[in-house]
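Visitor: my questions are about this predicted structure, shown below with the sequence.
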Amino acid sequence: MMRTLRRLWYFVRHGREEANLAEELALHQQLAEQDYRAAGMDAASARAAARRQLGNTAHAIEDSREVWGWAWFDALAKDLRYALRYMRKHPGFASVAVLALGLGIGANTAVFSLMDALLWRMLPVRAPAELVLLYQATPREQYSRFSYPIFAGLRSHNTTLSDLFAITRPFSAMVQPDGAAQRESATCELVTGNFFSTLGVNAHMGRVFTFGDDEKPGTHPVTVISHAYWKRRFAQEDVIGRTIVVNKTPLTIVGVTPPEFFGVTPERPVDMWIPTAMQSALGYNMNVHSVGDMRDRERPWMNYPHISWLQLIGRLKQGATSEQATAELHALHRQFLEQYGATGTRREERLALAPGARGIAELRARFSEQLWLMFGMVAFVLSIACANVANLLLARAATRQKEIAVRLATGAPRRRLIRQLFTESLLLAFLGGALGLLVAHWSRPLLQVLVAGAGPTGAWLDTRILSFTLAVVFLTALLFGTVPAFQSTRVDVSDGLKEGATSVGGRLRLSRALVVVQVALSMLLVFGACLFARSLRNLQQMDLGFRRENLLLADLQLRGLEYPAAQRRQYYDKLLARIESLPGVWAASLAERAQIGAGTQSGNFSIAGYQPRDGEELNLAHQVVSTRYFETMGMTLVAGRFFNSTDTERSTRVAVINESLARRLSSKGSALGARFSLGAPFAPPGFEVIGIVRDVRHGSLRESPRPMAFLHASQNTDILESLAIYTEPGRERAIAAEMRHLISQVDPTVPLVSVRTIDEQINRVLRHEHALARLAGAFGGVAISLAAVGLFGLLSYNVARRTREIGIRIALGASRPRLIRMVLGEALILVAVGAAIGLVAGPWSARLIASQLYAITPNDPLTIGIAAALLITVGAIAGYIPARRASMVEAMMALRE
Amino acid sequence: MGASSHPELLGGTVDLLILRALIAGPLHGYAVAQRIRQSSGDVLALGESSLYTSLQRLLLNGWVKAEWGASENNRRARYYTLTAAGRKHLDAEARQFDVVVTAIQRVLGNA
């Protein structure tokens, strides 16, 4: 081993080693010359004598090279040639092995490349290690959003950061480049003017923003687009000066970023960067936390210290430590909060810094778990592939036994044979690796669905990924090659040379063990896949608290249209009346956002006559809806009433709340008639509770229902863009088709963004779970197929080997069913042992994925049963063909052979 | 994978001579040749090619270590030091050599 390492070391630096040797030889000559002169020779003859004695320098160097390297290369080349010849002669064996390894290595490479991009890689910007993320932490929670005035204050007053910029989260917007016939979706991000300069990103073309591009709300209609978007959407034409309409606002393209830059969110590469000053012009209204008067939300957010919507990233000055910056920024932040009159829990917040070198990944924690999970699964698949190939090698060793015995007998050292067998394994692994790169290339987009399409698209192969693949190739070669190489050279020469030799005992035991390992591992994967599938089913079938049939959802876009509030209400009424007049429509209503899958809006609230305990935070989700929202959605009234026509702009402000909120509002008795207000402290008159509905899901499906209030459209000015239509059964499609026409009839300037059924909406919300279930299913399928091939191979080989014995049994009167039972029995025993191991390990290891599951426990007996039954069925099928072949053996033929 | 090769008698002998020369302490290549020549009473003069090839082989097997130092004429010179493994190898090979030489002498004497 050491010897090999030394040899590798020499190989790596053989250039220097040869220079060393040349220097030694020169010194040698010089010393020899000195000695000759000391012995009385004149200068010239001393030199000649020394040179004569030394001989040819180049020759000496060549000799030494042979000692270290050449012999080695020579042997390797010979082994490789031999291995290639063997593979050409046995293409079936080689292709099965390479295919199995290719699948395994490819899946691993794909997952690794995704993990690398999302979890480990540094941002491609100047000195990423200097970047810090700012966030605010209370003892209970963490916020990463700040208001613009606080950002501006922190930026101009600090002395520890060389600069500080602010961004929103990347979001999807409907865009329409000039010349395009239709609107399409693009990922946008609002950034402050110093975004690019702080990161040290220059324009690939045109220019990037400066601070002057981001000063006054609504006055900077410019955008910088990413290289990837430029390539994808504009085919790299000259786009500088062209316009793109984003949510109705035309923006001029001023620049394109360099190819490697994707923004600061590796999970979501950005297409277009737009100045924060354009927030209100674009109607950006997402990911916001506000305290105080909600009506401010319709004005440009830039001016409001109590609307928090920006994430901050700073660059530490040279020499400044993160501790110094934290202390200074915290003090400044505290000072601004006081200045802007922040109240309640916000005063406890501590400002803190996190390393920003890898960018912002709010979902990193969530993805991280899933990616590791995926990595575990593909590692299992690769292990199964290794066990499979090892088994193939063992079976093949049986057929090569004689060849190996001959070579041992003629004096080949065993070590030499092991090396040769190992070279063959390495060659297989390399071919598998090459195929793996292709597999990775194909499967990467599928994996990306899992992380919600996150991560870079396009080129992904680089030296990091390639080194990983290479490492995996060597590792797999070691894994599957070592044992067979040793096992198959352990041949008793005299036995091995005998005709039809059968020294197979140890090998067979090993083969069986390998099959059991494969079955056990695939049991784990199949079990996991079943859990994911059933968890998905649970999510799909859960009680949402509202109807899931005959419901259509449509998104309008009213933001960015200059619609005064009063006119907007007239529009709502007109639109709803028009839709409800359609045949087949039973009810229609509007809400701020779809009940699920469109995020939530939440804020603090206060209860009339109630002083919150210290540190108690009253938080609710809220949404403004039109009168018939509850009927449309099919929500169940528990007490009181729904909204009706008596609720108007001038009547008491009312609210319908859910049971969770009702419990918070009044611990005893009914919450009907209770009053609360949004924001704190309580601001009379607030909202009066007139109805209580059963808890409903809001936002995501996994989250258990939380306190929620529905407010009425006539009493609130919020923009309602989500349309819900309750239709006659079977009429959804027809009505969906009429939607676009109908909406343009009511007002041609209002665009319809999308229409879908509630089912489609739920599936969209669950696309991530779908992807996980599908992938786990695919891996489980690959695993079980590999295990089946392994089992089939082992049994076939056994039957072939025992043909003579089986012939004798038949001759002695064994019935064919009995023979089938014999072979099938062996198969089922192997599967049962493997499955049993998998069953013990399954629920134990499934605890690792418990957080990914919904309403199903890792030791769910039904799932265990399904997985076991599936495996045994596959095992029986894999065993039946060899079993049948055994039963077909012709006694006389077998005996005569 | 351990030591390999069954070097021909001559090659093995050169290795042996070099290892023996290094017992007294580290030497550079030229000094090794000088030491062997002197101690053999000027009978054995090593060809440089085989001397340095042998030294490389000894390095590869981990029987000697090499370090750069200054030569007597103040040039950079590579000094070879016997390792523990080298010493063990020397002992084993020397014993083996004795057996072989005795056997050869017996054969030659009988003839």
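Guide: It's in.

Visitor: how many residues are close by residue 102?
Guide: Unless you meant another one, I'm taking chain A. Applying other CB atoms under 10 Å in any protein chain shown, we find 22 other residues in the vicinity of A:Gly102. In short, each C-beta sits where N, CA and C put it, glycine included.

Visitor: should've been chain B
Guide: Residues near B:Thr102, counting by other CB under 10 Å, number 10.

Visitor: ramachandran coordinates for it?
Guide: Main-chain dihedrals, B:Thr102, degrees, to the nearest 10: phi -60, psi -40.

Visitor: can you pull the buried residues of stretch A:130-149?
Guide: Buried positions in stretch A:130-149, judged by neighbour count with 16 or more other CB atoms under 10 Å in any protein chain shown: A:130-136, A:144-149.

Visitor: any idea which element A:Ser88 lies in?
Guide: Slight slip there: residue A:88 is Arg, not Ser. helix A:71-89 (DSSP states H and E).

Visitor: does any part of that helix sit near chain B?
Guide: No. Contact between helix A:71-89 and chain B is absent, the nearest approach being 8.8 Å (criterion: CB under 8 Å from any CB of the partner chain).

Visitor: how about the strands in chain B?
Guide: Secondary structure of chain B, counting by DSSP state E: strands at B:27-28, B:64-70, B:76-82.

Visitor: where does the prediction get shaky in the stretch 151-300 of chain A?
Guide: Applying pLDDT under 70 to the stretch 151-300 of chain A flags residues A:289-298.

Visitor: in it, which spans are helices?
Guide: All helices of the stretch 151-300 of chain A, identified by DSSP state H, counting those that start in this stretch, fall at A:195-199, A:227-234, A:279-282.

Visitor: in CSV: those, plus distance to A:Pro221 and mean neighbour count.
Guide: Formatted as CSV, these follow (distance: least, CB to CB, whole Å; neighbours: other CB atoms under 10 Å in any protein chain shown):
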stretch, distance to A:Pro221, mean neighbour count
helix A:195-199, 17, 23
helix A:227-234, 18, 18
helix A:279-282, 8, 21
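
Visitor: so for A:Leu508, which of those helices sits nearest?
Guide: helix A:227-234 (55.2 Å; CB to CB).

Visitor: now the closest one, how far from the centre of its chain.
Guide: The chain centroid and the centroid of helix A:227-234 are separated by 23 Å under CA atoms, centre = their mean, to the nearest Å.

Visitor: which residues does it contact?
Guide: For helix A:227-234, the surrounding residues in contact (CB atoms under 8 Å, 6 or more residues apart in numbering or on different chains) are A:177, A:186, A:204-205, A:225, A:236, A:239, A:256-262, A:269, A:271-272, A:456-458.

Visitor: try 7 Å
Guide: If you take CB atoms under 7 Å, 6 or more residues apart in numbering or on different chains as the criterion, helix A:227-234 is touched by A:177, A:186, A:204, A:236, A:239, A:256-259, A:262, A:269, A:271-272, A:458.

Visitor: give me the pLDDT value at the residue most central in space within chain B.
Guide: Central residue of chain B (CA atoms, centre = their mean): B:Ile18, 1.9 Å from the mean position. At B:Ile18, the model reports a pLDDT of 88.

Visitor: quick check, it in contact with B:Tyr52.
Guide: No. B:Ile18 is beyond contact range of B:Tyr52, at 10.3 Å (criterion: CB atoms under 7 Å).

Visitor: which parts of chain B sit against chain A?
Guide: B:1, B:29-30, B:47-49, B:52-53, B:56-57, B:60-62, B:71, B:73, B:75-78 (CB under 7 Å from any CB of the partner chain).

Visitor: for the closest residue to A:Asp213 other than its chain neighbours, give its distance to chain B.
Guide: Using CB to CB, 6 or more residues apart in numbering or on different chains and skipping the chain neighbours, the partner closest in space to A:Asp213 is A:Gly193 (4.6 Å). Using CB to the nearest CB, to the nearest Å, A:Gly193 is found at 58 Å from chain B.

Visitor: could you report the neighbour count for A:Gly193?
Guide: A count of nearby residues for A:Gly193, using other CB under 10 Å, gives 20.

Visitor: show me what contacts it?
Guide: Counted by CB under 7 Å, 6+ apart, A:Gly193 has contacts A:209-214, A:275.

Visitor: to A:Val638, which of the helices of the stretch 151-300 of chain A lies closest?
Guide: Of all the helices of the stretch 151-300 of chain A, helix A:279-282 comes closest under CB to CB, at 39.0 Å.

Visitor: which elements pack onto the closest one?
Guide: Packing partners of helix A:279-282 (3 or more CB pairs under 7 Å, 6 or more residues apart in numbering or on different chains; DSSP states H and E): none among the helices and strands.

Visitor: flag the shaky bits of chain B, pLDDT-wise.
Guide: Applying pLDDT under 70 to chain B flags residues B:1-12, B:48-49, B:110-111.

Visitor: so A:Thr168 makes contact with A:Ser308?
Guide: No. With contacts counted by CB under 7 Å, A:Thr168 stays clear of A:Ser308, the gap being 11.2 Å.

Visitor: measure A:Gly691 to chain B for me?
Guide: 82 Å.

Visitor: please name the strands paired to the strand or helix carrying that residue in the sheet, noting orientation.
Guide: Following DSSP H and E, one finds A:Gly691 within strand A:687-693. Looking at strand A:687-693 with DSSP bridges, its partner strands are strand A:637-640 (antiparallel), strand A:654-658 (parallel), strand A:675-678 (antiparallel).

Visitor: related to what we said a few turns ago, among the strands of chain B, which is the most enclosed?
Guide: strand B:27-28 (a mean of 23; mean count of other CB atoms under 10 Å in any protein chain shown).

Visitor: who's in contact with A:Leu101?
Guide: Shown in contact with A:Leu101 (CB under 7 Å, 6+ apart): A:385, A:389, A:428-429, A:432, A:476.

Visitor: ok, and the most crowded of these?
Guide: Counting neighbours by other CB under 10 Å, A:Val389 comes out on top of these with 31 neighbours.
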